[in-house]
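Enquirer: the sequence and its predicted three-dimensional model are supplied below.
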Amino acid sequence: VATRDAVPRQVVDHYENPRNVGSLDRNAKNVGTGLVGAPACGDVMKLQVEVDENGKIVDARFKTFGCGSAIASSSLATEWVKGKTVDEALQIKNTDIAKELCLPPVKLHCSMLAEDAIKAALADYKLKQDPNKEEPEKKA
């Protein structure tokens, strides 16, 4: 069992003082919702973004069921996407999240989950912007 001293300070900070916890209106046209999970560890992450008419992310919220590193990764991800354009947010990599939080190798899957959640939320947002553009497998 790791002692608190062995846990990186940034992880403890985001875990004890998570930013942007909560939900946005998943039915709103300008809100994208990403729900991802890692069956291997049981972590589940919901990340939502609210995008303004200029394509800039003006708000982000998350709810995460998982370890401290998963919660910290989600919290940091919401901080980082705010103020970015959709395309800029898509450039956020799990390696950047892991580096910022000083995640040990055994916890890298938490940062990967956060990157996947960002991508899933932005994909949902983009789909809502052009509802007539169906995904290929949904066409008859």
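Expert: Nice, I can see it. Residues are numbered from 1 along each chain as shown.
Enquirer: the top helix by length along the chain packs against which elements?
Expert: Ranked by number of residues, the top helix in the chain under DSSP state H is helix 108-129. Taking 3 or more Cβ pairs under 8 Å, 6 or more residues apart in numbering; DSSP states H and E as contact, the helices and strands that helix 108-129 lies on are strand 31-38, strand 43-51, helix 68-81, helix 86-89, helix 94-101. Bear in mind the C-beta positions are built from the backbone N, C-alpha and C, glycine included.
Enquirer: most packed of those?
Expert: Neighbour counts (mean count of other Cβ atoms under 10 Å) averaged over each of the helices and strands packed on helix 108-129 peak at helix 68-81, with a mean of 26.
Enquirer: contacting residues around that helix?
Expert: The list of residues contacting helix 68-81 from outside it, by Cβ atoms under 8 Å, 6 or more residues apart in numbering, reads 7, 10-15, 18-21, 41, 43, 45, 47, 49, 57, 60-62, 64, 89, 92, 97-98, 100-101, 103, 107, 110-111, 113-115, 117-118.
Enquirer: pLDDT weak spots in the protein?
Expert: Counting by pLDDT under 70, the chain contains low-confidence ranges at 1-6, 131, 133-140.
Enquirer: quick one: contacts for Y125?
Expert: N30, V31, G32, V49, V51, V86 are the contacts of Y125 under Cβ under 8 Å, 6+ apart.
Enquirer: ok, now with 10 Å
Expert: Under the criterion of Cβ atoms under 10 Å, 6 or more residues apart in numbering, the contact partners of Y125 comprise 28-34, 48-51, 55, 57, 86, 89.
Enquirer: check K93 too.
Expert: For K93, the contact set (Cβ under 10 Å, 6+ apart) comprises K99, S111, M112, E115, I118.
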